[in-house]
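S.K.: here is the input, now give the coordinates:
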Amino acid sequence: EDEVFLLVKAAFDTLSDPMKRRSYDSTVDFDESIPKEGVKEEEFYTVYGPVFHRNMRFASCNDPAKGSKVEGETPTPKKKGKNKNKKNRNNNNNDAKSQSPSSGRPPLFGDDATPLSQVHAFYDFWIHFDSWRDFTLKAAEEAEHDVDSADCREEKRWMKQ
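M.R.: From the prediction side, this is the model:
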């Protein structure tokens, strides 16, 4: 029972501290695959769109330590009252404005109908992509050596340094 409690406590400590959580989230398995070349022109947006959406979670503007999220992952609160549909219609009509660089949100992948200004904003965002991922936890795990597996004493000394 003590062993289980200690594991739960360690998990709680990791998930409660934003910096430790960031390190942990950075090491979680992630689909980093990129589609192969030769995608048909009519399938381009459906094939490559999800790749950018998956990687968007690692953008510094979506840093979990700051409490921000990618648009679309957090449900918008429903407005009570008779004007709730009016608000939703206004949001749908302003999608182009909401994805502008000045809004603070990353631009979406888009499609053939996306205005050129948004296409440029999209490329600018990904060219200057800044990630919040932190691999210090992974590096620390990989830096630990099994001294008993060393072939000679020089290797053991190197491992203990």
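S.K.: from here on, just use CA atoms for contacts and neighbour counts.
M.R.: Will do.
S.K.: what segments of this structure are helices?
M.R.: 2-16, 18-27, 44-56, 84-93, 95-98, 116-127, 136-143, 153-160 (DSSP state H).
S.K.: for Phe125, grab the count of nearby residues.
M.R.: 15 (other C-alpha atoms under 10 Å).
S.K.: what is the least confident helix or strand in this protein?
M.R.: Ranked by mean pLDDT, DSSP states H and E, the helix or strand of the chain with the weakest confidence is helix 84-93, at a mean of 39.
S.K.: before we move on, back to that, and Lys66, which of the helices of the chain is closest to it?
M.R.: Nearest to Lys66 among these is helix 18-27 (8.1 Å), distances taken as C-alpha to C-alpha.
S.K.: ok, residues contacting stretch 7-16?
M.R.: Contacts to stretch 7-16, defined as C-alpha atoms under 8 Å, 6 or more residues apart in numbering, come from residues Lys20, Arg21, Tyr24.
S.K.: local confidence estimate at the last one?
M.R.: What the model reports for Tyr24 is a pLDDT of 83.
S.K.: and if you look at the one 10 residues further on?
M.R.: pLDDT, the model's per-residue confidence, is 84 for Ile34.
S.K.: one more: the one 4 residues further on?
M.R.: Looking at Gly38, its pLDDT reads 87.
S.K.: number the chain from 66, please
M.R.: Sounds good: first residue 66 from here, last item Gly103.
S.K.: and for Cys126, the neighbour number?
M.R.: 20.
S.K.: cool, thanks, talk later.
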